[in-house]
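Colleague: This is the structure alone, sequence omitted:
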């Protein structure tokens, strides 16, 4: 009897509670992402390990002068807090805010807790805001949690959430963000109705508020009771609607990241919640996010799909929406944690789907896992190595995959690894070796053509003719695959047009003309192009009698000239996805989509729309395979080689055009968000957007004539936003209105000097970027 790899219910991913200080960032002692396998003993996520802090029992090690100064400052500030004058209260709070930026000072500020909690009830929003901000800093220390809880911080904080303005809300959410990192605080927040309040704030007009709410909920969901309360209040529906909200600028990226982080946790602990997430259309949404430019979002989407794939009922929907070929390509091209999580997802899917196994052989999956094995085999503690070995064990059950792995030398590599491995890694290696040694049944005659399992429906099976070599046999199989996949591709394009696009035109109320144009782009033109190519391809193969000298290169050369038409579709694809998601938020549209898909038994519209994106790279793979098994004296060798080179160049050109369109879009959004800007950043067509992000101004290390009066900068202005372009660095200062910035300075990259250093002063570990240009030195 054949032994198959056991995986139980599969691998699952989950995050860990987040502890954040608003004015800087700390390194955590543990990874922000951990992975569990269901075949192991089920564990519940625990609180994150505490950050390193100053030992209070060693006060004598502090500078006595500094200690006296700190003590005096705290006493003065606490005295001000007890004063009835709001000006005095505000002054004392500002002193504490400044002191709180050094972690070592937080240990001496505990006496201010009760005063700050009382001032959270102040009728002055400024006093409220500063008091909450001080408490947010104090909540960073585990040793302060009992004091904060006993002083009634949580009920007052929840009260502010229902009444405060946006600025007070942000500081209050920072407080809850740090409090919710500890289990007993999370339980108290649930008991006092905090989940209902947080759920309602997901619809808040301020994107900054929504971002903070997402982080708090992420921490809260490490308690099952929090998840249950959220679900019972209808919070899931509110959370799912957030994906359809129109958002622009950097905050939208952060919200999407936090939103997908929440989904990682929700999809981990409860099968009931997973079923509700799937019913809400999450699989299609996550599949769309696999094409996100933000690798964090892409990674979260992959982890969430891994968790959903634990339930067998979700495997086929995931393969339909995400596309098995795309997932294999993601494994081939991704790096680091994303590669590790993609391997886990593929293992779960391959356990239950022959389609997934077949895609491994067709799209370079076996070569990819062999490369990873060779690279990681010396790192026996590597999590990625263990995941890849489990993938080996899973795919080796399929005879085509097993044949490829043996041909690539998997057996000696794994036998060598078995001598070094131990524990769970050794178990995985032995399982993989056992499956690699299984006898061949369907492939025992080693025929490469005619295996029914590998033929797609409607494929044209080519007769080899007598006396053909193995090379010729392989070429026949590749040409057969080219024809069958082209048929399937044309069918998919026709489904988009005939089943979705044309009927939707007759239902004008479901989607506007503008929305339809953006969703479907030039699909109707692609139908004509590929229907014509398919007819020529089939006719060409039918009319050629000498099967060993079969020639298709000239047809691909003619096709290559027309593939640049894809530029419009590829450049518009991201907007197409966004508009489709907005339309799917409307109940009538979503209902029509679901009914149409069920009536015609088709893939979802989002799954179909991604097929043109995948087609040109697939041509490259197929032609590469064809030319690799073709002798140089073959009459079609020159044409196929030239076609491969031309189509590869077109693929590169289309990718460059996509990046150009992305740059124009991002630079346009930047220009739109800048107030007081007369500079036209789009004037130079060669300019490219690279990345953007927020930094914190360090006034103590900043020397700039440009900032002649640093005190004139508001508390918010200490946060600077930078846009890195191919030739400039643009600096903006946040305005009160979300996603709006006041243009501060434009640096020319050619005259810019940037250095990175680690700063461990004041017992605080942080990284500082020093930016200098023309006498202006910024430290952020």
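Modeller: Cool, the structure landed. Just so you know, these numbers come straight off a predicted model, no measurement behind them. Numbering: from 1, shown residues only.
Colleague: Tell me where the protein has strands.
Modeller: 11-15, 33-37, 674-675, 689-696, 719-725, 728-734, 741-748, 753-759, 766-773, 776-779 (DSSP state E).
Colleague: what angle separates the fourth one from strand 719-725?
Modeller: Following axes from the mean of the first three to the mean of the last three Cα atoms, to 10 degrees, one obtains 160 degrees for the angle between strand 689-696 and strand 719-725.
Colleague: quick one: strand 689-696 to strand 728-734, angle?
Modeller: Going by the same axes, to 10 degrees, strand 689-696 makes 40 degrees with strand 728-734.
Colleague: Who are the contact partners of the closest residue in space to residue 654 that isn't next to it in sequence?
Modeller: Nearest non-adjacent residue to residue 654, counting by Cβ to Cβ, 6 or more residues apart in numbering: residue 570, 5.3 Å away. In this view, the C-beta of every residue, glycine as well, is placed from N, C-alpha and C. Residue 570 makes contact with 612-613, 654, 657-658, according to Cβ atoms under 8 Å, 6 or more residues apart in numbering.
Colleague: And residue 284, by the same measure?
Modeller: 321, 604, 606-607.
Colleague: Go again with 10 Å.
Modeller: For residue 284, the contacting residues are 278, 317-318, 320-322, 580-581, 584, 593, 604-607, by Cβ atoms under 10 Å, 6 or more residues apart in numbering.
Colleague: Could you do residue 417 as well?
Modeller: Residues in contact with residue 417 (Cβ under 10 Å, 6+ apart) are 373, 376-378, 380, 385, 389, 425-426, 428-429, 432-433.
Colleague: Can you tell me which of the residues you listed has the most neighbours?
Modeller: In terms of neighbour count, residue 389 stands highest of the contacts of residue 417 at 30 neighbours, by other Cβ atoms under 10 Å.
Colleague: Please tell me I have it right and that residue contacts residue 436.
Modeller: No - applying Cβ atoms under 10 Å as the test, residue 389 and residue 436 come out as separate, 11.4 Å apart.
Colleague: Touching both of the two, which residues are there?
Modeller: The contact sets of residue 389 and residue 436 overlap at residue 414 (Cβ under 10 Å, 6+ apart).
Colleague: picking that back up, per-stretch mean pLDDT over the strands of the chain, give me the minimum one.
Modeller: Of all these, strand 33-37 carries the lowest average pLDDT, namely a mean of 28.
Colleague: Can you measure across stretch 731-744, start residue to end residue?
Modeller: This stretch, stretch 731-744, spans 5 Å end to end (Cα to Cα, to the nearest Å).
Colleague: all numbers from here: first residue = 48
Modeller: Right, with 48 as the first residue, what we last looked at is stretch 778-791.
Colleague: From the chain's centroid, how far away is that stretch?
Modeller: The chain centre lies 26 Å from the centre of stretch 778-791; the measure is Cα atoms, centre = their mean, to the nearest Å.
Colleague: Please apply the same query to stretch 547-557.
Modeller: Relative to its chain's centre, stretch 547-557 lies at 32 Å (Cα atoms, centre = their mean).
Colleague: tell me the mean pLDDT over that stretch?
Modeller: 86.
Colleague: Any buried residues in it, and which?
Modeller: Residues of stretch 547-557 classed as buried by neighbour count (16 or more other Cβ atoms under 10 Å): 547-548, 551, 557.
Colleague: could you dump those to JSON lines with distance to residue 392?
Modeller: JSON lines is the format used below for the buried residues of stretch 547-557 (distance: Cβ to Cβ, whole Å):
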{"residue": "547", "distance to residue 392": "28"}
{"residue": "548", "distance to residue 392": "31"}
{"residue": "551", "distance to residue 392": "32"}
{"residue": "557", "distance to residue 392": "33"}
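Colleague: Give me the subset of these that lies in helices.
Modeller: Secondary structure from DSSP state H places residue 551 of the buried residues of stretch 547-557 in helices.
Colleague: Next, count neighbours for residue 349.
Modeller: Per other Cβ under 10 Å, the neighbour tally for residue 349 reads 29.
Colleague: Show me the shaky parts of the stretch 448-597 of the chain.
Modeller: Applying pLDDT under 70 to the stretch 448-597 of the chain flags the ranges 488-517, 592-596.
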